[in-house]
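In: With the input below, show me the fold.
(chains A and B)
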Amino acid sequence: MTLGRSRQRFPYWFLVPALVVYGVVVIYPTIAGGVYAFTDWTGSRDGANVTGLANFGAILEDPDAMAALRNTVVLAVAVTIVQTVLGLGLAITLHTRLATRNVLRTLFFLPAVLPPVIIGFLWQYLLTPSGPVNEVLGNLGLGGLAQNWLGDSSVALWSVVGVIVWQNVGLTMIIYLAGLEGIPVELNEAAAIDGAGWWRRLRGVTLPLLMPATTIVVSLTLISSLKVFDQVFVMTGGGPGYATETLSLTMYKEAFVSGQFGYSAAVALVLTMLVAAFALVQLGATRRFEVRT
Amino acid sequence: MSPSTKRTLAVALATVLTAAGCGFVNSDDEDAGASGKVSAFVSTEQQLGLSSLHPKFEQSAGVTFDLTAAPTADLNEQLRVQLTSGTAADIFRVSPGLSSPVAVGVLGGQGELADLSTADWTKSMSADMRGLASVDDKVYGFPVGQNAIVMAYNKKVFAEAGVEPPRTWSELLTACDRLRAAGVVPISAGFTGGVYLQFWVYALAASLVYGPEADLNDRMLAGEVDFADHAAWTTTFEKFLALREYMTPQANGVSSDQSTADVAQGRAAMQLMVSSGLPALFDGSEGGAADFGVFALPATDDATETRLPVAPDFLAVNKNTNNLDQVNEFLDFLAEPANVKSYVETLGMLPALDVVDDAKLDSLEPVLSYVKDKRTTPFANYLWPNGDTQQRLLQSGQQLLADEIGIPDLLGQLDAEFDKGTP
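Out: Next up, the predicted model:
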């Protein structure tokens, strides 16, 4: 006996409430945000005038927005490269029979579970010119390396990069550790029997087989660092001057400080496009090198 | 029941439940206007000031008060959205002038606020205050109190260096030299984010720019003069930079909390701050308020030219409130001399309505004469036509301090923002 077509479809009607909620909470705001990007809406009840591409033209002519775009790209690329390399290094180092490996894994992963805002306040204090970091450097006889970490525009962006990497490198390490667990021991043993040294085995066996993990790591890191907000907002507020201003921060300031919701939506759209473009290029590039056992 | 009927009922039921869950269906509780419940959305400081007053009003007027508070920055972010979505409270905190998207001048101009011009308490407002609370001569803001920009100093550090509170620019420089010779940082500066940097500009401009020319802002708005071609603005920033050598080194990388702690613990001698920040300074020292004094920042060598920058803190009324009578009654209640006194004494603020002259404000005693003698000016940013001019000052001011741009560059940038006018 078969159920009638209408009875087969009946359970799907119970999806309607969830779809309605999803539509109201996600789909509608997303589309509305995209539409507002083409208006001069200031948040008032009077509505908005359609201004076409004027907001995007204004972004291109706004030196602050272009500085934010440049900072965003530099920060994202730097965080992705440094975090991936360091995370891989930590994972390889701790994928050994080291007695303290579990303790070390926990310690390195710990910052990743803390809220970024807390991390921001913590490092804002640590990086004060008279703060603990410069004090430790001075006590080690490295006072010449002491910096105005968050107050010097030539250093501040790199300080933010360092803090973000410090917080998230543990997560990268965990992903790589999972990848390393998936590499059959026999492959490395066979390569060793064939005379391959550690470096040769790393290049010829481990890294190629870790490419799927690398794809995940680079994707997650790139996307999260392109839209970074919390740490920058707390530690520098985009300063000194515009040295650490990112697109997310510009988006926030334009909407909630200046009341330019239309312009802010345009910045958000640019950021979305940027994230999508970077993600697509990166996925295409890394997947090409993926090999499977 | 047929399958199609069941299906229709299931969808209808699910949709109704979803809509109710999302808040699309009003409940009786939300019909606050008809039940005499007045809602208020205020800053955390205002909440403290109102904490002893609104229960009294509830008792006397038989009205239930629903008070919600948030830090000012958070409140500013939320209020615009609440107004647009029709969920704003009956009464809420607004910024003075045109300084933000939720300033009284902006919201009043957009028709979001109730006209309070006929209230008796408006007669007790100074002309400056009225200007910051009005749009087209209609008053939209009720001033609960006002803050001042003061130089707070550590009495013990001053005494050990043999320094008295300076009354002139030269005395300020001499005091800084003596304090530096005594081994302390003369001026504590934490300019991360630029917020505390702007106070220097407002304090110096009060005596150098707006004191000598009370109508300057009107002339700037009329396009007769601008930042770049007015010598007093250049002097303001020159004097700010002249004090840089006495300030905390690398101040752009120091937080305001850290700089306040430095004064509280005697590592630095003084800090320029808004008077609402004094309690945090007092909390950082075992001796509390007794360890600190305040003075108005001198900018010239004639002490009578010193002006105190002051800024009112406003409440405004939602034009769409269902409780206009009760809200107006509440504002009349707050404007009573005893309640003005209670509010400002609780928060250590200056009275904003000219109905009290015996408020006990120990920590601000040294600057009260400026208010009595009407030697005050509004914070400069509250006179400017938009919030972007202030925002530019916050960020480019840091660049000026770091010698990345010069004074003419900064003044040109301020002009560019100022000339955009009110959005």
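In: Pretty sure A:Ala265 sits against A:Ile31.
Out: No - A:Ala265 is not in contact with A:Ile31 according to CB atoms under 8 Å; the separation is 11.2 Å. In short, each C-beta sits where N, CA and C put it, glycine included.
In: Could you check which of these two has the larger neighbour count?
Out: Comparing A:Ala265 with A:Ile31 by other CB atoms under 10 Å in any protein chain shown, the one with more neighbours is A:Ala265, at 24 against 11.
In: What strand or helix carries the more buried one?
Out: helix A:261-288 (DSSP states H and E).
In: now the strands: where do they sit in chain B?
Out: B:37-43, B:64-70, B:91-94, B:134-135, B:138-139, B:142-154, B:185-187, B:268-274, B:292-295, B:308-317, B:376-378 (DSSP state E).
In: shaky segments in the chain?
Out: Using chain A. Within chain A, the segments meeting pLDDT under 70 span A:1-4, A:291-293.
In: that's the wrong chain, I meant chain B
Out: B:1-35.
In: Please identify which residue in it comes closest to chain A.
Out: B:Gly253 (2.3 Å; CB to the nearest CB).
In: Give the helix, strand or coil label for the residue nearest to that residue when sequence neighbours are not counted.
Out: Excluding the flanking residues, the one nearest B:Gly253 by CB to CB, 6 or more residues apart in numbering or on different chains is A:Gly151, at 2.3 Å. Reducing the assignment at A:Gly151 to three states with DSSP: H, G, I helix; E, B strand; the rest coil gives coil.
In: what are the ranges of the helices in the stretch 151-293 of chain A?
Out: A:156-181, A:185-193, A:198-201, A:207-209, A:211-226, A:230-235, A:247-252, A:261-288 (DSSP state H, counting those that start in this stretch).
In: could the strands of chain B go into a markdown table alongside distance to A:Val270 and mean neighbour count?
Out: Putting the strands of chain B into a markdown table (distance: least, CB to CB, whole Å; neighbours: other CB atoms under 10 Å in any protein chain shown) gives the following:
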| stretch | distance to A:Val270 | mean neighbour count |
| --- | --- | --- |
| strand B:37-43 | 33 | 22 |
| strand B:64-70 | 30 | 16 |
| strand B:91-94 | 32 | 26 |
| strand B:134-135 | 35 | 20 |
| strand B:138-139 | 40 | 18 |
| strand B:142-154 | 38 | 26 |
| strand B:185-187 | 41 | 25 |
| strand B:268-274 | 36 | 26 |
| strand B:292-295 | 47 | 20 |
| strand B:308-317 | 35 | 27 |
| strand B:376-378 | 37 | 24 |
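In: will you turn the ones you listed into JSON lines that also has distance to A:Phe256?
Out: Below are the strands of chain B laid out as JSON lines (distance: least, CB to CB, whole Å):
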{"stretch": "strand B:37-43", "distance to A:Phe256": "16"}
{"stretch": "strand B:64-70", "distance to A:Phe256": "13"}
{"stretch": "strand B:91-94", "distance to A:Phe256": "15"}
{"stretch": "strand B:134-135", "distance to A:Phe256": "22"}
{"stretch": "strand B:138-139", "distance to A:Phe256": "27"}
{"stretch": "strand B:142-154", "distance to A:Phe256": "22"}
{"stretch": "strand B:185-187", "distance to A:Phe256": "32"}
{"stretch": "strand B:268-274", "distance to A:Phe256": "21"}
{"stretch": "strand B:292-295", "distance to A:Phe256": "32"}
{"stretch": "strand B:308-317", "distance to A:Phe256": "19"}
{"stretch": "strand B:376-378", "distance to A:Phe256": "24"}
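In: Mind checking those strands for the one nearest to B:Leu347?
Out: strand B:142-154 (6.2 Å; CB to CB).
In: Now that closest one - C-alpha only, PDB.
Out: Coordinates of each C-alpha in strand B:142-154 appear next as PDB, following Å, rounded to 0.1, in the frame of the first residue of the first chain:
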ATOM      1  CA  PHE B 142      14.900  68.500  29.300                       C
ATOM      2  CA  PRO B 143      18.300  69.100  30.900                       C
ATOM      3  CA  VAL B 144      18.700  66.900  34.000                       C
ATOM      4  CA  GLY B 145      22.200  68.300  34.800                       C
ATOM      5  CA  GLN B 146      25.400  69.300  33.200                       C
ATOM      6  CA  ASN B 147      28.900  68.100  33.100                       C
ATOM      7  CA  ALA B 148      32.100  70.200  32.900                       C
ATOM      8  CA  ILE B 149      35.500  69.600  31.500                       C
ATOM      9  CA  VAL B 150      37.900  70.000  34.500                       C
ATOM     10  CA  MET B 151      41.500  69.400  35.300                       C
ATOM     11  CA  ALA B 152      41.500  66.900  38.100                       C
ATOM     12  CA  TYR B 153      44.700  66.800  40.200                       C
ATOM     13  CA  ASN B 154      46.200  64.700  42.900                       C
END
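In: what's the burial count for residue 281?
Out: You didn't pick a chain, so chain A it is. 11.
In: Sorry, I should have been clearer: chain B.
Out: B:Leu281, neighbours per other CB under 10 Å, totals 24.
In: what do you get for B:Ser396?
Out: That count, for B:Ser396 with other CB under 10 Å as the rule, works out to 24.
In: Would you mind measuring from B:Ala214 to B:Leu172?
Out: Counting by CB to CB, to the nearest Å, the separation of B:Ala214 from B:Leu172 is 24 Å.
In: For B:Lys56, list the residues it contacts.
Out: B:Phe333 (CB atoms under 8 Å, 6 or more residues apart in numbering or on different chains).
In: The residue nearest to B:Gly253 and B:Thr248 touch, don't they?
Out: No - A:Gly151 is not in contact with B:Thr248 according to CB under 8 Å; the separation is 10.1 Å.
In: which parts of the stretch 51-200 of chain A sit against chain B?
Out: A:124-125, A:127-130, A:148-153, A:156 (CB under 8 Å from any CB of the partner chain).
In: Repeat the analysis, applying 10 Å as the threshold.
Out: A:64, A:121, A:124-125, A:127-131, A:134, A:146-156, A:159 (CB under 10 Å from any CB of the partner chain).
In: quick revisit: ok, the residue nearest to B:Gly253 - contacts?
Out: Neighbouring residues of A:Gly151 by CB atoms under 10 Å, 6 or more residues apart in numbering or on different chains: A:127-129, A:159, A:236, A:239-240, A:243, B:190-192, B:249-254, B:398, B:401-402.
In: follow-up on the earlier one: which among the residues of the stretch 51-200 of chain A next to chain B count as buried?
Out: A:64, A:121, A:124, A:127-131, A:134, A:146-153, A:155-156, A:159 (16 or more other CB atoms under 10 Å in any protein chain shown).
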